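# Pasting the sequence and the predicted coordinates here, then a few questions.
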Amino acid sequence: MTMTHLRQLEAESIHIMREVAAEFANPVMLYSVGKDSAVMLHLARKAFFPGVAPFPLMHIDTTWKFREMIAFRDRMAAQSGFDLIIHTNHEAVEQGVNPFTHGSALYTDVMKTEGLKQALNKYKFDAAFGGARRDEEKSRAKERIFSFRSSSHRWDPKSQRPELWNLYNARVRPGESIRAFPLSNWTELDIWQYIYLEQIPIVPLYYAAVRPVVERDGMLIMVDDDRLELRPGEKIEMKSVRFRTLGCYPLTAAVESTAATLPEIIQEMLLTRTSERQGRLIDHDSAGSMEKKKQEGYF
Amino acid sequence: MAHQSDLIAEDILAYLKSQEEKSLLRFITCGSVDDGKSTLIGRLLWDSKMIFEDQLAALESDSKKVGTQGEKIDYALLMDGLQAEREQGITIDVAYRFFSTDKRKFIVADTPGHEQYTRNMVTGASTADVAVILIDARKGILTQSRRHSYLVSLVGIRNVVLAINKMDLVDYSAARFAEIRQEYAAFAAGLGFASITAIPISALEGDNVLERSPRTDWYDGPTLMEFLETVEIAAAAADLPFRLPVQWVNRPNLDFRGFAGTITAGTIRPGDEVVVPASGQRSRVKRIVTFDGDLPEAAAGQAVTLTLEDEIDISRGDLLVEATARPACADQFAAHLVWMQDEPLLLNRDYLLKIGATTVPVQISELQHKINVNTLEEEAGKTLSLNEIGVCLLSASKAITFDPYRQNRCGGAFILIDRFSNATVAAGMIDSARRRRTRHWSEVEVDQKRRAGLKGQRARVLWFTGGAGVEKSTVAKLVEKKLYSLARHTQLLDDSTCDSEHVVKLAGVLVDAGLITLVALDDPQAILLQEARVHFSPNELVAIEVSITTDFTALAEEIVTKLCSGGLFDAEELLGSGI
């Protein structure tokens, strides 16, 4: 009996989660509400069944997430029985940091990276699960499954611990931490196939529907609330769109689509030729931008 | 990304059904910078349509900026992940890449071929089922080809592909191909491979990578992709005796006690008898519990939770095994070590060994010989430096259960961790148990370092000074509490436990016992501190000044942080000399 690739990936992820739970005093699961987080949450339920996972979920809320994401987040936390920690960089919000006037790079740094560091320091987590995959972006291809972070949350790509077999080095000093990536070896297609196979609930924004959008810098931005100020010449149009990736609504591009079911989404993905991070504005700022962000503590 | 199958467009449900049965193959590519390794993987991703349009656009612009192929696409750039490496023009770490065909999903570990990167190759190979060894057809078998082949065999890969690349530069010569293949077969005879498949390719031109090349009509073997799609992945692990390292004891309530872990070998069914080798306790499997329902059977590779018929004492790190085929259980064993960090191996120093879900202190008592990876000859040596390989005798502080690596990769693989820097310093593969030489421990003098080493710490005296009336013992108690929470072993000496006349002597005894000793007398006369400075070495004694204005919590925090990071002491002394 040979295990299928999805069952092998599933077993590897469960192994990683159990290892983190056993080796760390205070782990947390970063929950971004996206499809990868949905899979990660599902796997965490499997790993500790019939018990519940011995760690909370944490969401870094920038206050600019799609409203449907927030509603979905609260529903999933309640259904799955996880504790949910929500952290926002309130100082930055009070200073009026927003994705429009500050640019995507600074905004992301302050609201996401800084917000995350604040929360990790506040709760003194020594391990944090993230849903990143190695196929997402080039600098991620070399990321370890247990990725060491200094006490200032920095990642040093040049002095990563060698990682062999399925033996993970979980030793850290006080203040240092590990980012654990149980989905490292999954691809976007694996994620979708698994969601389909396991009937995992995902935010409805992934499915195509008629939504209000404006075209801005060649991207379709959804008008999720009245904070999106129209520039001269922009007009709100109703289009059938969906999202391949979810983040802050002003920074997340929609794609025109009529794919309203999982098989249709997978079909569309297989037939198109644009990779998913295309829809995230932060990756395009400069060459190697993700690598720089990761060194500074971005997930 | 467009899979070839017409099913996608015509019948997506049927397509999805067919994809559920795909298998997974992990392989490693070995070759030097010049062998076209990155180009080959770039080509596999390219030809299996795994490159997205935006990535292609980025690739085109990068090719022009830093590429080495003129106006042509430099496939190698797809593989070189990190910016710094790109600038140097070499891959310096292990990168994992993914592609899939309609038959299989593939995970490729791409690792550098330089001599100094043995570490990375071993890392990439540790999870691989198959190795693709690249040979430049013009150059033939080089020293590095031998080195790669040895490392691949060391790590237990049984199936190798000899990808004889750059055939376009030798006019697709059948004779040249045959010559290299024969030379390699002769060399590799001693490496224990189950199969060696030689394939003539051109990664740059695409010959015999996916498509059969018309320019090698003399070749009737598989293309590289055909081989990768069909090579039998060792299902052998399921046929070995049952092994499950317990990762996590699942106790959601008083009625359920499950042992969670990934089966590393064999097959298990409810009713099967299992044993915990370390304690000899036996029971039978009651249920194989999963989120998706109980299973009638589970095999190697599956992550499950077992419940047993009897209440026996099992915790993380224990191994559940088949009663009739037990693993070795020993505290002395021989192993191949691959040294992975700059600081060389120190004999008789304590390291942590992690095998399965167990971590134990271990010492390397003897380096039997080193192995020259270029000549494969045994060489004498006193230590192992970065990227060196040796056969060592190890001595653990308690017995561990294992299978020889050759028989069961999961059962005999371990890593060594430095106790102070927490770095992963070596990869190990156990060869066999050694009978305990009673001589061994009697050779060892049990002293302060060893007693402290057993506790995973350095023995210290923390001497709190400051005027009478300053609450030194309050700070000391805070420090002790924090150290306790970090599992450090301590003892506090204050006016309630000790009078000042005996304090230096008593502290001396406690430090020799390996404890972090805190001295906080209400009236610490200066002469006592002087006496202590004579009695203790500068590395043992740390004087800490407390005043009325001191923020106790902050000071305690600082002391503990420095103590744990080595900052209070000469870092070299703390990290370098070994316990």
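That came in fine, so what should we check first?

# centre of the chain versus stretch B:355-371, how much separation?
With C-alpha atoms, centre = their mean, to the nearest Å as the basis, stretch B:355-371 stands 13 Å off its chain's centre.

# tell me the mean pLDDT over it?
Averaging pLDDT along stretch B:355-371 gives 95.

# Repeat that for stretch B:515-525.
86.

# can you tell if it touches chain A?
No - for stretch B:515-525, no contact with chain A is found by C-beta under 8 Å from any C-beta of the partner chain; the gap never falls below 15.1 Å. The C-beta positions use only the backbone N, C-alpha and C, and glycine is treated the same way.

# correct me, but B:Arg104 touches B:Lys22?
Yes - B:Arg104 lies in contact with B:Lys22 (C-beta atoms under 8 Å); the separation is 5.9 Å.

# what is in contact with the two at once?
A:His5 (C-beta atoms under 8 Å, 6 or more residues apart in numbering or on different chains).

# Tell me how many other residues surround the closest residue to chain B within the stretch 51-200 of chain A.
Residue of the stretch 51-200 of chain A nearest chain B, by C-beta to the nearest C-beta: A:Gly51 (3.5 Å). By other C-beta atoms under 10 Å in any protein chain shown, 18 other residues sit near A:Gly51.

# give the contact list for it.
By C-beta under 8 Å, 6+ apart, A:Gly51 lies in contact with B:Asn250, B:Arg251, B:Pro252, B:Phe256.

# I'd guessed the last one sits against A:Pro50; true?
Read it as B:Phe256. Yes - counting by C-beta under 8 Å, B:Phe256 touches A:Pro50, with 6.1 Å between them.

# What does the residue nearest to B:Lys37 when sequence neighbours are not counted show for phi and psi?
Nearest non-adjacent residue to B:Lys37, counting by C-beta to C-beta, 6 or more residues apart in numbering or on different chains: B:Gly31, 4.0 Å away. Backbone torsions for B:Gly31, taken as degrees, to the nearest 10, come to phi 180, psi 170.

# Tell me if I'm right that B:Gly31 and B:His148 touch.
Yes - B:Gly31 is within contact range of B:His148, at 7.3 Å (criterion: C-beta under 8 Å).

# Show the residue spans covered by the helices in the stretch 1-150 of chain A.
Applying DSSP state H, counting those that start in this stretch to the stretch 1-150 of chain A gives helices spanning A:5-23, A:35-48, A:67-80, A:90-94, A:103-108, A:115-123.

# Let me have the ones you listed in CSV, extended by distance to A:Arg173.
Output for the helices of the stretch 1-150 of chain A, formatted as CSV (distance: least, C-beta to C-beta, whole Å):
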stretch, distance to A:Arg173
helix A:5-23, 14
helix A:35-48, 26
helix A:67-80, 32
helix A:90-94, 28
helix A:103-108, 29
helix A:115-123, 15
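
# Just send the ones you listed back as a markdown table, with mean pLDDT too.
A markdown table is the format used below for those (pLDDT from 0 to 100):
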| stretch | mean pLDDT |
| --- | --- |
| helix A:5-23 | 97 |
| helix A:35-48 | 97 |
| helix A:67-80 | 95 |
| helix A:90-94 | 91 |
| helix A:103-108 | 85 |
| helix A:115-123 | 93 |
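
# any chance of those in CSV, with mean neighbour count and distance to chain B too?
Output for the helices of the stretch 1-150 of chain A, formatted as CSV (neighbours: other C-beta atoms under 10 Å in any protein chain shown; distance: least, C-beta to the nearest C-beta, whole Å):
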stretch, mean neighbour count, distance to chain B
helix A:5-23, 23, 4
helix A:35-48, 24, 4
helix A:67-80, 16, 12
helix A:90-94, 14, 23
helix A:103-108, 18, 17
helix A:115-123, 18, 14
